[in-house]
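Trainee: fold the following for me, if possible:
(one chain, ligands or ions: 1)
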Amino acid sequence: MTTLGSASAEPGEAGFGRLDVGETRDGTTIGLPVAVINGADEGETLYVQAASDGDELNGVGVVNRVVPQLDPDELAGTVLVVGITNWHAFQVAEHRNPIDDTKMNRAYPGDANGSSSERIAHATFEAAQRADLVLDLHQGSTSRMLNEVRVRCGRRHRLHDECLELAKVFDCGHVLDQKGPDGQLARAAPDEGVPTIDPELGGAVGWDEESIEYGVRGVWNVLEHYGFLDGDAEPETQTRAKRFDRYGAPSGGIVNFEADLGDEVSAGDVLFRVTDVFGSLKAEVAARSDGVFWRSRRLPQVATGEYVCSVGTSVDTV
Ligand SMILES: [Zn+2]
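Mentor: Here you go, the predicted structure:
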């Protein structure tokens, strides 16, 4: 019998339940929706979580499609799933947990006696530590972004090669291989010896079918490559960026992009122009270095200094 919160499953079964992480303001118990898919055959454990940021719904779309397709009779090993991680933020479709105004993915490994986000981080980190592999499903929030996978442990980390391998197997085509900020699950779990990646499934308001498809295929690739399911998914060559250049607006107005997501850009290429509302040019911004056009704001209007786009740099293939 394998359990996660109130979900439990014998070998060859799937079980569903809740993982308690405290109470709402009216005293109602908060239980994250969880699933345990316990394979008929023995094997490794995969931990998957979605909606660590409450407005990032593509991961929920992935879980929503993958879990019903997973047949415990055909599975070797166990899949543990937290379907909605940032419970409070998900309720109101916001990025951060409104109870403590914290970004969940800065709170790992969490604290059993800490803030709301730290307690959720603690409870989900305990589940992640039971696994051999971890997938923390994210996206570029509501901005526009490539489908990519992040390796956040840092290139000198002892588990780096295993995390990068996992990213290649997930196979979104692009990898950002750059040490992440403190408190990310994809940093904290490798420190405990668990290879972890942070798939970033595009960016959308609501959710996006194409990015969900990338995620579903990615989870399936991982299940096949690591022996949970029959199949022969092999690591694919990925375009890797090791750094990120961010660009802001030099003046206020309307942004017109000259590059699209995934385009290769060279230093000096115009990335975007800012015009006034009647179309007169106010500013032109060129790439500072060679790279791949990676992410951009969704809304066309900007204030001076406001974020406009990012270019992945130090690009190679892995
Ligand atoms: Zn996120």
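
Trainee: so Pro235 touches Tyr226, yeah?
Mentor: No - checked against C-beta atoms under 8 Å, the pair Pro235 and Tyr226 is beyond contact range at 11.3 Å. Using the backbone N, CA and C atoms, a C-beta is placed for each residue, glycine as well.

Trainee: shared neighbours, those two?
Mentor: Val169 (C-beta atoms under 8 Å, 6 or more residues apart in numbering).

Trainee: let me know the average pLDDT across whichever strand or helix holds Val255.
Mentor: Here Val255 sits within strand 253-257, counting by DSSP states H and E. Averaged over strand 253-257, pLDDT sits at 98.

Trainee: which strands or helices does that strand pack on?
Mentor: strand 270-275, strand 301-302 (3 or more C-beta pairs under 8 Å, 6 or more residues apart in numbering; DSSP states H and E).

Trainee: against the ion, how distant is the most centrally placed residue in the chain?
Mentor: By C-alpha atoms, centre = their mean, the chain has its centre lying nearest to His138, at 2.2 Å. Going from His138 to the ion by C-beta to the ion, to the nearest Å gives 3 Å.

Trainee: how about that residue, what does it touch?
Mentor: Contacts of His138 (C-beta under 8 Å, 6+ apart): Ser52, Asp53, Glu56, Gly59, Asn105, Arg150, Asp198, Pro199, Glu200, Leu201.

Trainee: dig out what it forms beta bridges with.
Mentor: Taking DSSP bridges as the rule, His138 bridges to Glu200.

Trainee: what about Leu281, how many residues close to it?
Mentor: Residue neighbour count, defined by other C-beta atoms under 10 Å, stands at 11 for Leu281.

Trainee: which non-adjacent residue is nearest it?
Mentor: Excluding its sequence neighbours, the residue lying closest to Leu281 (C-beta to C-beta, 6 or more residues apart in numbering) is Thr275, at 5.6 Å.

Trainee: wait, what's in contact with that neighbour?
Mentor: Gly253, Ile254, Asn256, Leu281, Lys282.

Trainee: separation between the second one and the ion?
Mentor: What that stands for is Ile254. Relative to the ion, and taking C-beta to the ion, Ile254 is found at 28 Å.

Trainee: residue ranges of the helices in the stretch 51-200 of the chain, please?
Mentor: 58-69, 87-91, 116-129, 160-170, 185-191 (DSSP state H, counting those that start in this stretch).

Trainee: so which of these gets nearest the ion?
Mentor: helix 58-69 (8.6 Å; C-beta to the ion).

Trainee: for that closest one, give me every contacting residue.
Mentor: 14, 35, 37, 48-52, 81, 83-84, 90, 137-139, 199, 201-202, 204, 207-208, 211-212, 215-216, 218-220.

Trainee: show me which of those are buried.
Mentor: Neighbour counting over these (16 or more other C-beta atoms under 10 Å) leaves 14, 35, 37, 48-52, 81, 83-84, 90, 137-139, 199, 201-202, 204, 207-208, 211-212, 215-216, 218-220 as the buried ones.

Trainee: quick one: name whatever helix or strand follows the helix ranked longest in the chain.
Mentor: Ordering each helix of the chain by length in residues (DSSP state H) puts helix 209-225 first. Using DSSP H and E, the helix or strand that follows helix 209-225 in sequence is strand 239-241.

Trainee: what about that following strand, average pLDDT?
Mentor: 98.

Trainee: list the strands paired with it, with their directions.
Mentor: In the sheet, strand 239-241 lines up with strand 174-177 (parallel), strand 316-317 (antiparallel) (DSSP bridges).

Trainee: run through who's touching the shortest one.
Mentor: Pointing back at strand 316-317 there. Thr237, Gln238, Thr239, Arg240, Lys242.
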